[in-house]
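> structural data only, the sequence is not supplied:
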């Protein structure tokens, strides 16, 4: 008897270059730039644009590695698949895959609470519990994901347009102020050193720029999410690298223009003290713009970040399940909607539990360290694969020096964060890795032969 055509459905290739660029841009713009400008101004003075430029170069090194990986191995599972292929270590692939998933989950939970608080402020819903509003927000997100990848990415595109228009508004109303403030005004301590002359001030300024780049590097995190859409992109060998690089360059242009505008409209010391820096820029440059309007833009930006992370995490779990690194049920695809519905449902339960914790800022900070760990491992994996005979070459390739330098940069950022920041975040990151390791050991027997077969090569089709 013939097997039904939908007995083993696959993901649908429905994503072209424009939607992929919008997805990548939306994953990076997100909510970070709306609050990061003030923190950067506190550290860098009016030279915050320089920090974004340097951090873009650092992020682009890993971005180019991811573009090469996408061209060579267009598969869902992204970093976990490449790690498994390069190191032939199920444990390391498991750590990498779930570290990425953890970063996405804590981000979604954080954004759910942010959306809830903004809804309270926008509509004077002080009596509505944050937990209830966050739950409703997560239900809406889950419904969009269950509907289909095309619907998810169109929702992403719509949110990206709104949040990008918010940033364009900031730039547009601030352009008349360009040139009215110095773009090289440093905080007091470095300025005193510069006045003294000699080499010490140059070294101090370089260190300040590097510290600023460490801070603003995190505004580019999100480009790695595109790798998990590889099985739903048309002509992925060509489309994936182009989409990833174009979205990173577009984000950089927007970031730098916003930075120049912000310090031109609001003196950097006042910008650093403002609770909502970009809202303060709009308030001064365009007092006619309603305050609730920018709150709405912020909600769209935050919701978009959550949507992008939800798509990423669901496809990551799907890909790892298909590789044999997670229970097979997570790799099931809905027969009519062609979405990983089991993975989406499991993630909803986990994220809802995280969202109920309320303040998870420390956990979110720890996941940044996990992502830098992932980037280091993946960059080294690409070096290994490029040197291994018989590995396929993609339409887009970079020299081995690029991923090698990317690994060094990411490892350096980890070192700076661990040695100069609060110890709590590294402790939480270590605790998450330990929890992933325990989960790996607890499920090792159930994976059995599937994992042993996968160590020797690609998983069965």
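Perfect, thanks for sending it. Treat the numbers as computed from the prediction; the structure is a model and nothing was measured.
> now do residue 240 against residue 247, distance only.
Noted for residue 240: a distance of 11 Å to residue 247, by Cβ to Cβ, to the nearest Å. In this view, the C-beta of every residue, glycine as well, is placed from N, C-alpha and C.
> what touches both of the two?
20, 226 (Cβ atoms under 8 Å, 6 or more residues apart in numbering).
> of those two, who's got more company?
More crowded of residue 240 and residue 247, by other Cβ atoms under 10 Å: residue 240, with 30 against 25.
> how close does the more buried one sit to residue 138?
29 Å.
> go on, residue 38?
28 Å.
> for stretch 274-281, which residues meet the burial criterion?
274, 276, 277, 278, 279, 280, 281 (16 or more other Cβ atoms under 10 Å).
> for the biggest helix by length in the chain, which positions count as buried?
Counting residues, the longest helix in the chain under DSSP state H turns out to be helix 90-123. For helix 90-123, a neighbour-count test (16+ other Cβ under 10 Å) marks 90-116, 118-120 as buried.
> what comes up buried for the next helix-or-strand element following that helix?
The helix or strand immediately downstream of helix 90-123 is helix 130-147, counting by DSSP states H and E. Buried residues in helix 130-147, defined by neighbour count with 16+ other Cβ under 10 Å: 130, 131, 133, 134, 135, 137, 138, 141, 142, 144, 145, 146.
> list the contacts for the last one?
Taking Cβ under 8 Å, 6+ apart as the definition of contact, the neighbours of residue 146 are 334, 337, 339, 341, 344.
> ok, and what's touching stretch 274-288?
Residues outside stretch 274-288 that contact it (Cβ under 8 Å, 6+ apart): 33-35, 37-38, 41, 166-167, 169-170, 173-174, 176-177, 258, 261-262, 265-266, 270-271, 289, 291, 294-295, 298.
> quick one: low-confidence parts of the stretch 251-400 of the chain?
275, 323, 325, 357-365, 367 (pLDDT under 70).
> hmm, back to that, same list (the contacts of residue 146) but as JSON lines, adding distance to residue 47.
Below are these laid out as JSON lines (distance: Cβ to Cβ, whole Å):
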{"residue": "334", "distance to residue 47": "50"}
{"residue": "337", "distance to residue 47": "49"}
{"residue": "339", "distance to residue 47": "45"}
{"residue": "341", "distance to residue 47": "48"}
{"residue": "344", "distance to residue 47": "43"}
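> can you get me the start-to-end distance on stretch 315-335?
In terms of Cα to Cα, to the nearest Å, the two terminal residues of stretch 315-335 are separated by 16 Å.
> chain center to that stretch: distance?
Its chain's average C-alpha position is 21 Å from that of stretch 315-335, according to Cα atoms, centre = their mean, to the nearest Å.
> may I see the buried residues of that stretch?
Buried-residue list, stretch 315-335, by 16+ other Cβ under 10 Å: 315-326, 330-333.
> and what of stretch 296-314?
For stretch 296-314, by 16+ other Cβ under 10 Å, it's 297-314.
> mind listing which of those are in helices?
297-314.
> report all helices and strands that the helix or strand containing residue 412 contacts.
Using DSSP H and E, residue 412 sits in helix 401-420. Contact partners of helix 401-420 among helices and strands, from 3 or more Cβ pairs under 8 Å, 6 or more residues apart in numbering; DSSP states H and E: helix 48-72, helix 200-217, helix 361-387, helix 424-442.
> would a markdown table of the ones you listed with distance to residue 16 and mean neighbour count be doable?
Shown next, in a markdown table, are these (distance: least, Cβ to Cβ, whole Å; neighbours: other Cβ atoms under 10 Å):
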| stretch | distance to residue 16 | mean neighbour count |
| --- | --- | --- |
| helix 48-72 | 15 | 24 |
| helix 200-217 | 29 | 18 |
| helix 361-387 | 26 | 21 |
| helix 424-442 | 35 | 15 |
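> what about residue 290, how many residues nearby?
As a measure of burial, residue 290 has 10 neighbours, counting by other Cβ under 10 Å.
> what about it, distance to residue 169?
When residue 290 is compared with residue 169 (using Cβ to Cβ), they lie 12 Å apart.
> what sits against residue 254?
29, 33, 164, 167, 171.
> which non-adjacent residue is nearest residue 340?
In space, residue 340 comes closest to residue 318 once its chain neighbours are excluded; the distance is 3.9 Å by Cβ to Cβ, 6 or more residues apart in numbering.
> mind checking the SS state of the one you found?
helix (DSSP: H, G, I helix; E, B strand; the rest coil).
> which pLDDT does the model give the spatially most central residue of the chain?
Closest residue to the average C-alpha location of the chain: residue 222 at 2.1 Å, with Cα atoms, centre = their mean. Note on residue 222: pLDDT of 77.
> give me the distance between it and residue 396.
Residue 222 is 20 Å from residue 396, where distance means Cβ to Cβ.
> again with residue 61
15 Å.
> same check, this time on residue 305
27 Å.
> over to residue 335?
Residue 335 is 34 Å from residue 396, by Cβ to Cβ.
> could you do residue 233 as well?
14 Å.
> ok, now residue 268?
39 Å.
> those two - which one has more neighbours?
residue 268 (26 against 19).
> quick one, what contacts the more buried one?
Contacts of residue 268 (Cβ under 8 Å, 6+ apart): 41, 45, 46, 48, 181, 185.
> how about residue 50?
Applying Cβ under 8 Å, 6+ apart to residue 50 gives the contacts 44, 209, 212.
> my read is that the last one contacts residue 43, right?
Yes. Contact status for residue 212 versus residue 43: in contact at 5.3 Å, counting by Cβ atoms under 8 Å.
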